[in-house]
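[1] this one's sequence-less:
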């Protein structure tokens, strides 16, 4: 098992069993303690999605902490599912995604749903084209990982990401960013 996948598994098990956050193990590769990046953790139970939460930019000191906290969040905070229970732990599998830095997409021809994940984010622009900054604008954001089953066109990828963000692509302006992932199972 890859060290990041094991880290996610151990973090979820410690939190579900004891209600405690896992301390960083001492034997982790140096790269995971020195590098910062966004990370997603997907949890499946018998092949079915059980939770998926992550960050597209780093929010912690390093990748290892990013994985620990996102694994716990995937197990306990994904609104689509209730929190993982102790009796489920033996049936769970984990996938960890380490994200590249997002880059702005200037044309959708730069996208490929098999290769790139996307971030969609509303922009504070009025119909006249002026940037709005009044302190009240809250951007809507949606993230979709690459190479997901059933997501085989750019249009479908954008539509699903917009649905996740509650963006109406017909009447709301939004930016698209793309990223690649290192996937560990």
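    Arrived safely, thanks for sending. Fair warning: this is a prediction, and the values are worked out from it, not measured in the lab. Residues are numbered from 1 along each chain as shown.
[2] need the longest helix for this structure.
    helix 3-18 (DSSP state H).
[3] Could you list every helix and strand that it packs against?
    The contact analysis (3 or more C-beta pairs under 8 Å, 6 or more residues apart in numbering; DSSP states H and E) places helix 3-18 against helix 30-34, helix 63-76, strand 92-99. C-beta: built from backbone N, CA, C; applies to glycine.
[4] now the next helix or strand after the last one, how far from the centre of its chain.
    Using DSSP states H and E, the helix or strand that follows strand 92-99 in sequence is strand 103-104. Between the mean C-alpha location of strand 103-104 and the chain-wide mean there is a distance of 16 Å, by C-alpha atoms, centre = their mean, to the nearest Å.
[5] same thing with stretch 27-44?
    Distance, centroid of stretch 27-44 to centroid of chain: 13 Å (C-alpha atoms, centre = their mean).
[6] quick one, what contacts the nearest residue in space to residue 62 that is not next to it in sequence?
    Nearest residue to residue 62, sequence neighbours excluded (C-beta to C-beta, 6 or more residues apart in numbering): residue 33, at 5.1 Å. Each residue near residue 33 by C-beta atoms under 8 Å, 6 or more residues apart in numbering is listed here: 24, 62-64.
[7] of these, buried ones?
    62-64 (16 or more other C-beta atoms under 10 Å).
[8] residues contacting the closest residue in space to residue 34 that isn't next to it in sequence?
    Spatial nearest neighbour of residue 34, excluding adjacent residues (C-beta to C-beta, 6+ apart): residue 62 at 6.5 Å. For residue 62, the contacting residues are 32-36, by C-beta under 8 Å, 6+ apart.
[9] Which pLDDT value belongs to residue 62?
    pLDDT, residue 62: 97.
[10] now residue 132
    57.
[11] Correct me if wrong: residue 29 contacts residue 3.
    Yes. Counting by C-beta atoms under 8 Å, residue 3 is a contact partner of residue 29 at 6.1 Å.
[12] neighbour count winner among these two?
    residue 3 (17 against 12; other C-beta atoms under 10 Å).
[13] any idea how far residue 97 is from the residue nearest to the spatial centre of the chain?
    In the chain, the C-alpha nearest the mean C-alpha coordinate belongs to residue 54, at 3.4 Å (C-alpha atoms, centre = their mean). Distance, residue 54 to residue 97, by C-beta to C-beta, to the nearest Å: 7 Å.
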